[in-house]
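K.L.:
Whatever this is, show me its structure:
(chains A and B)
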Amino acid sequence: MYVIIVGAGNVGYYLAKTLLNAGHEVLLIERDKRRCDLLRDEFGESVMRGRGDEIRIMREAGADRADIVVACTGDDEDNLIISQIAKWYFNVPRTVARINDPRNESIFQQLGIDATVSSTNIIYHLIEQEIETGEVIPLAALKRGNIEIVDVEITTRSPVVGRRVRDLPLPSDARIICIIRQDNALIPQEDTVLEPNDSVIALVSAQNERHLRTVFLEEQAV
Amino acid sequence: MRIVILGCGRTGAALARIMAAEGHRVTLIEWNNDSLERLGGKFTGAVITGNGLDEDVLKKAGIEQADLFVALTEGDNRNLMAAQIAKERFHVPKVIAKVNDPIRAEAYRERGIYTICYSLIGSAMIRDLAYDRPLGTVEEYNVVPPELKD
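P.N.:
Model (predicted):
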């Protein structure tokens, strides 16, 4: 895949490194000259100096053949415009924008950005989940947040211990896709019996996540 | 008319003073209190201190009832984002943004945000003055000439 990353702060830097290690073609665009010179030692030709919100620069970067453009500068407004230009002028199939103010998530989606990443939101959700239950952790939100993949830890006191998958009173739009048992991943069958300390990975609609939680968790935790 | 202006630079302050003096209901959004001195003592409109990309701040400034929204901060992208929020989120009937990069100004104008590009207008006007030609209209100046494409 060819990935263009705009903004070589910490997020852009480590993302570029990770993608390069995974064998992808990466171009890191950074407007600050000094930062660019520093990065060139490590990334060589994979660094380009310029502004990712300028059409000329993106053309030079080969944005028309990019599979993904990731806008991860420190400013939400820059990330929005970078993503829109990538879409409108270069038909980039997928644009990902980092957002700092989590409230910008919905406006970015309304304005055509394919995916947004907000570290504020991710950390907030982790904290919120931790306080609420300690056992259900959302791994990812699919379909713009309508479907979630959640990880449920089964405690010894969970009401599902000893029950078969087919007998669980799951919401109709929830599916158990994997059970992690002592570092082994099992594909659950209808007669798989749940054990304490299992980790259940499930797919569930956002509106039924809470319902799913009530099925697995000991009552006082709900 | 109800007018919300984002940015109290020279243009924002001048526009706010003129429109308020002409009897319109003007609200200005600016996050730097020092810039507000440009409004002088006789400004009759309202001032909101805050971030113009924040929907709560925009609502407080009355964007939901606004007939016109004008984005005049120093940042092109800031103006373009604010203008899109005003248009798509709050359905303000008329939205104008200052954009200094001619190419970006054209890109968004083609997509329904009325952009004004001072650098284009200024340079085209100076060229006409240099040749002693009669001056053109703003509409004529506010388009990207072929020399600047690419």
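K.L.:
Just say helix, strand or coil for residue A:161.
P.N.:
Classification of residue A:161 using DSSP: H, G, I helix; E, B strand; the rest coil returns coil.
K.L.:
Helix or strand: which one has the spatially closest residue to it that is not a sequence neighbour?
P.N.:
Excluding the flanking residues, the one nearest residue A:161 by Cβ to Cβ, 6 or more residues apart in numbering or on different chains is residue A:196, at 5.4 Å. All C-beta spots, glycine's among them, are computed from the backbone N, C-alpha and C. Following DSSP states H and E, one finds residue A:196 outside all helices and strands.
K.L.:
Would you mind confirming that residue A:196 is in contact with residue A:156?
P.N.:
Yes: the criterion here is Cβ atoms under 8 Å, and residue A:196 meets it with residue A:156 at 4.3 Å.
K.L.:
Give me the distance between the most far-flung residue of chain A relative to its centre and residue A:201.
P.N.:
Distance to the chain centre peaks in chain A at residue A:162, reaching 33.2 Å (criterion: Cα atoms, centre = their mean). Distance, residue A:162 to residue A:201, by Cβ to Cβ, to the nearest Å: 20 Å.
K.L.:
same check, this time on residue A:108
P.N.:
From residue A:108 to residue A:201 the distance is 28 Å (Cβ to Cβ).
K.L.:
Just want to know which of these two has more residues nearby.
P.N.:
Higher neighbour count among residue A:108 and residue A:201: residue A:108, with 22 against 17, using other Cβ atoms under 10 Å in any protein chain shown.
K.L.:
pLDDT score assigned to residue A:220?
P.N.:
Listed pLDDT for residue A:220 reads 51.
K.L.:
next one: residue A:59
P.N.:
95.
K.L.:
list the contacts for it?
P.N.:
Residue A:59 makes contact with A:89, A:90 under the criterion Cβ atoms under 8 Å, 6 or more residues apart in numbering or on different chains.
K.L.:
any idea whether it is helix, strand or coil?
P.N.:
helix.
K.L.:
which secondary structure element contains residue A:80?
P.N.:
Per DSSP H and E, residue A:80 falls inside helix A:76-90.
K.L.:
re the thing from before, pick out whichever of residue A:196 and residue A:156 has more residues nearby.
P.N.:
residue A:196 (13 against 9).
K.L.:
mind pulling up the phi and psi values for the more buried one?
P.N.:
Taking degrees, to the nearest 10, you get phi -60, psi 150 for the backbone angles of residue A:196.
K.L.:
hey, where'd the helices end up in chain B?
P.N.:
B:10-21, B:55-60, B:76-84, B:102-109, B:118-130, B:138-141 (DSSP state H).
K.L.:
again with chain A
P.N.:
Using DSSP H, the helices of chain A run over A:10-21, A:33-43, A:55-60, A:76-90, A:105-110, A:119-132, A:209-216.
K.L.:
Where among these is average confidence lowest?
P.N.:
helix A:119-132 (a mean of 66).
K.L.:
contacting residues around residue 87?
P.N.:
In the absence of a named chain, chain A is used. A:95, A:112, A:113.
K.L.:
Chain B, not that one
P.N.:
Taking Cβ under 8 Å, 6+ apart, we find residue B:87 in contact with B:69, B:95, B:112, B:113.
K.L.:
For those residues, which single residue is the most surrounded?
P.N.:
residue B:69 (27 neighbours).
K.L.:
Spatially nearest residue to that residue, not counting backbone neighbours?
P.N.:
residue B:86 (4.0 Å).
K.L.:
That neighbour: neighbour count?
P.N.:
Using other Cβ under 10 Å, residue B:86 has 27 neighbouring residues.
K.L.:
For it, give its distance to chain A.
P.N.:
Using Cβ to the nearest Cβ, to the nearest Å, we find residue B:86 at a distance of 11 Å from chain A.
K.L.:
OK, contacts around that residue?
P.N.:
By Cβ under 8 Å, 6+ apart, the contact set of residue B:86 is B:4, B:58, B:63, B:66, B:69, B:71, B:92, B:95.
K.L.:
Roughly how far does the third one sit from chain A?
P.N.:
Put plainly, it is residue B:63. Taking Cβ to the nearest Cβ, one finds residue B:63 at 13 Å from chain A.
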